[in-house]
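> just a sequence and a predicted model for now, questions to come.
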Amino acid sequence: MSKSVYGIDFGTSNIKIYNGMTKTTLNEKNIIAIKNKNELFEIGDEAFKMYEKAPDNIKVIFPIKFGVIADLKSMKMLFEQFFKKLTGPRGSKMGRFCIAVPADITEVEKRAFYDVVAKSDIKAREIKIVEKPIADAVGLGIDMTSSRGNMIINIGADTTEISVISHGGIVVSRIIKMGGNRLDQMICDAVKRKYNILIGLKTAEQIKCKLSDAMYDEDEDLEEELLYVYGRNVITGLPSERGVSKDTIYEAIKQFFDDIIESIKNLLERTPPELTADIMDIGLYLTGASSAISNLDKLIAKETDLKVNTIKNPGESVIRGISMIMSDSSYKKLMYEPRESSF
């Protein structure tokens, strides 16, 4: 295949773009700051630094919500800027592109991802899409020609996509609207309820990364683990510091894990028996950036009686799969063009 190939994973939280020329991947926050309604101010990681801190004349926007494009204009602007950042001002604008899209969305929503590239100033020579569970499977090293069934659970920022793969295709798939962002909101609510402290989502994310545990046992926690955070006291209205305990966070987010496990069991019930036997033998695959929560794999294994396979850098499995698809002609059949929008 030509080296002038690019793979794109438009994530809710992060965008990842693979450059086949340099074998490098751009991975930045999928966020844009717009000044005075239409002036591009900042993008990516730099724009994220402004999140929850910007003045009224600067809007900081995540263009993707719950796995689909909510603001096509902003997403197209972001993509053009990220592409220039990845390739440089003299980078190729006639390359071939492959875009990962969720499986369990409408054809119109899939077409929107295609249009981000097609209607940009990049002038791509070819644009194909691949469903995220398929790219995920390739990135995991699953044999796409095999008839064996594989279940992949990808926990992202806004959504969790659970899919069963066989013969290089998706047998059953379901997207549920819960991910790392919901955990952040649960933590915000719990800190406000218990400590009367109002914190932002970025602070909640820091708490999640340091204190969240899917199988926290208070009896085994000999020394109470606290994380001191700053926020606004809802009673006095003044800035306040408070130590947040690990058990408080566990109580706040345990319902999230219960919902994930229930969704896994529901999809297993919809899976053909022969593929269920394969899954019992192979186990589940856990991917997505939000799957890195401590002991989540152990909890799922305990509740489903199935082996849970984890990987290093689970948030990059999709873009890793896209890079392999774009680099190996044997994967060409996994890509396709979306249907024309009726709008």
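Happy to help now that I have it. Numbering: from 1, shown residues only.
> quick check, pLDDT for the spatially most central residue of the chain.
The centroid of the chain falls nearest to Gly156 when counting by CA atoms, centre = their mean (3.2 Å). Model confidence at Gly156, expressed as pLDDT, equals 95.
> that one and Asn14 touch, don't they?
No: in this structure, Gly156 is not within contact of Asn14 by CB atoms under 8 Å, at 9.2 Å. For glycine as for every other residue, the C-beta is placed from the backbone atoms N, C-alpha and C.
> which residues sit in contact with the residue nearest to the centre of the chain?
Gly11, Thr12, Ser13, Gly67, Gly179, Gly180, Gly288, Ala289, Ser290 (CB atoms under 8 Å, 6 or more residues apart in numbering).
> how near is it to Leu334?
Gly156 sits 21 Å away from Leu334, going by CB to CB, to the nearest Å.
> can you check Ile105 too?
18 Å.
> ok, and the closest non-adjacent residue to Thr276?
Closest residue in space to Thr276, ignoring its immediate chain neighbours: Leu268 at 6.5 Å, by CB to CB, 6 or more residues apart in numbering.
> could you pull out the helices for the stretch 101-250 of the chain?
With DSSP state H, counting those that start in this stretch applied, the stretch 101-250 of the chain shows helices at 107-118, 132-139, 180-195, 201-211, 246-270, listed in chain order.
> quick check: which of those is nearest to Leu238?
Leu238 lies closest to helix 180-195 among the helices of the stretch 101-250 of the chain, at 13.8 Å (CB to CB).
> and that closest one, what does it pack against?
Judged by 3 or more CB pairs under 8 Å, 6 or more residues apart in numbering; DSSP states H and E, helix 180-195 is in contact with strand 197-198, helix 201-211, strand 239-245, helix 246-270.
> residues making contact with the shortest one?
Residues outside strand 197-198 that contact it (CB under 8 Å, 6+ apart) are Cys188, Val191, Lys192, Val229, Gly231, Arg232, Asn233, Val234, Ser240, Arg242.
> residues touching the nearest residue to the first one once chain neighbours are set aside, list them.
It stands for Cys188. Using CB to CB, 6+ apart and skipping the chain neighbours, the partner closest in space to Cys188 is Ala204 (4.8 Å). With contact taken as CB under 8 Å, 6+ apart, Ala204 is in contact with Leu183, Asp184, Gln185, Ile187, Cys188, Val191.
> separation between Ala204 and Met215?
Distance of Ala204 to Met215, given as CB to CB: 21 Å.
> please look at Val308 and Thr287 and confirm they touch.
No: if you go by CB under 8 Å, Val308 and Thr287 don't touch, sitting 11.0 Å apart.
> for the two, indicate the residue with more neighbours.
Using other CB atoms under 10 Å, the more surrounded residue of Val308 and Thr287 is Thr287, with 29 against 18.
> show me what contacts that one?
Contacts of Thr287 (CB under 8 Å, 6+ apart): Asp136, Gly139, Leu140, Ile152, Ile153, Asn154, Ile155, Ile311, Pro314, Gly315, Ser317, Val318.
> now do the phi/psi pair for the residue nearest to the third one when sequence neighbours are not counted.
Beyond its immediate neighbours in the sequence, the residue positioned closest to Leu140 (CB to CB, 6+ apart) is Tyr285, lying 5.6 Å away. Main-chain dihedrals, Tyr285, degrees, to the nearest 10: phi -110, psi 130.
> just to revisit the earlier point, write the PyMOL selection for whichever of the contacts of Thr287 are buried.
To isolate the buried members of these in PyMOL, using 16 or more other CB atoms under 10 Å:
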select buried, resi 136+139+140+152+153+154+155+314+315+317+318
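> closest one of the contacts of Thr287 to Arg125?
Nearest to Arg125 among these: Val318, at 22.9 Å, using CB to CB.
> pull the residues that contact the helix or strand encompassing the closest one.
Following DSSP states H and E, one finds Val318 within helix 317-327. Applying CB under 8 Å, 6+ apart, the contact partners of helix 317-327 are 1, 5-9, 16-18, 20, 23, 25, 27, 96, 98, 100, 130, 132, 134-140, 154, 287-288, 311, 331-332, 334-335.
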